[in-house]
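> structure for the following, please:
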Amino acid sequence: MTPSATAPMLCATAVSGEALMTSVTPSAEDPAEDPAGGFPGRPARPPTARQALLRAARAALHDRPWPRVRMAEVAAAAGFSRQTLYSEFGSKDGLGTALVARELEILLDRAARAAQLAARSASRPASGPAPDPVAGCAAAAVSVVRAACRDPLVRAALTGCWDSRLPPPGPEADRAAAGLRDRTAAALVSAGVTADGATGPAALCHACEVGLRLALSYVVAPCDGPPEATEEAAATHVTQVLRALLR
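Here you go, the predicted model:
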């Protein structure tokens, strides 16, 4: 099944309740936390109280729905007191909002890194060794589809379909799609994509948005078969459309 290229970036109705019942996968180390202080080989810094509490909340959400997550259990799992937890987040809603914001930051960071690496590793057919924005956009799309297909929290943030089993969304969730577009475009520029002609700033930003809209249509209406089939189809579709758009 191939979804429409005009699927909305935020869809309030298309994700089924059954899909949202999938357990939330514990996220890997937050790239933005930079545990080694940005220097390869340097010992990782211990997490701050806030980081440790967010990780504990994430692990708790993996095991049970958000309404059944208890603040005392989160604090104990992180090795801190309830007072510290409430001092950091104010309330359970505050903790949930911060958790959503953290997961979205991880999503944006991974998409940007994927775009940057792929753009540098590929070359445009007509430009020799120049970084390839299409390859970068396709890699970002795959990163987004992979995360959303496996994680109800990410999927809800991208589609707007929030379930009672998940934490409440904060303002960051409303800006998730725009953040993906802007972060991906910035990553491509930093990878050396030239900002002139067909890949000028406006065209590049537009291409990133088109690619991500296509990717999100695969989140809303995945292909039959395993998640990898949806990821592959999204990458192929994004590549075909953006090759035509940026030629």
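> can you pull the contacts of the residue sitting nearest the centre point of the chain?
When CA atoms, centre = their mean is applied to the chain, the residue found nearest the centroid is L107 (2.4 Å). Contacts for L107 (CB atoms under 8 Å, 6 or more residues apart in numbering) come out as S143, V144, A147, V154, A157, A176, L180. The way it works is simple: take the backbone N, C-alpha and C, and place the C-beta from them, glycine included.
> what does V210 give?
By CB under 8 Å, 6+ apart, the neighbours of V210 are V241, L242, L245.
> closest to E103 out of those?
Proximity of the contacts of V210 to E103 was ranked by CB to CB; the top entry is L242 with 26.9 Å.
> who are the packing partners of the helix or strand hosting the closest one?
L242 belongs to helix 227-246 when assigned by DSSP states H and E. Judged by 3 or more CB pairs under 8 Å, 6 or more residues apart in numbering; DSSP states H and E, helix 227-246 is in contact with helix 133-150, helix 201-220.
> export the longest one to CSV, keeping only CA atoms.
Think helix 201-220. Output in CSV follows, covering the C-alpha atoms of helix 201-220 (Å, rounded to 0.1, in the frame of the first residue of the first chain):
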residue,chain,number,x,y,z
PRO,A,201,18.0,28.0,1.0
ALA,A,202,14.3,28.2,0.1
ALA,A,203,14.4,25.2,-2.3
LEU,A,204,16.3,23.1,0.2
CYS,A,205,13.9,23.9,3.0
HIS,A,206,11.0,23.1,0.7
ALA,A,207,12.6,19.8,-0.3
CYS,A,208,13.1,18.8,3.3
GLU,A,209,9.4,19.5,4.0
VAL,A,210,8.2,17.6,1.0
GLY,A,211,10.4,14.6,2.0
LEU,A,212,9.2,14.7,5.6
ARG,A,213,5.6,15.0,4.5
LEU,A,214,6.0,11.9,2.4
ALA,A,215,7.7,10.1,5.2
LEU,A,216,4.9,10.9,7.6
SER,A,217,2.4,9.6,5.1
TYR,A,218,4.1,6.2,5.6
VAL,A,219,3.8,6.6,9.4
VAL,A,220,0.0,7.2,9.0
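> what residues of it count as buried?
By neighbour count on 16 or more other CB atoms under 10 Å, the buried set for helix 201-220 is 203-220.
> over to stretch 168-183?
Within stretch 168-183, the residues that count as buried by 16+ other CB under 10 Å are P169, G170, E172, A173, A176, A177, G179, L180, R181, D182, R183.
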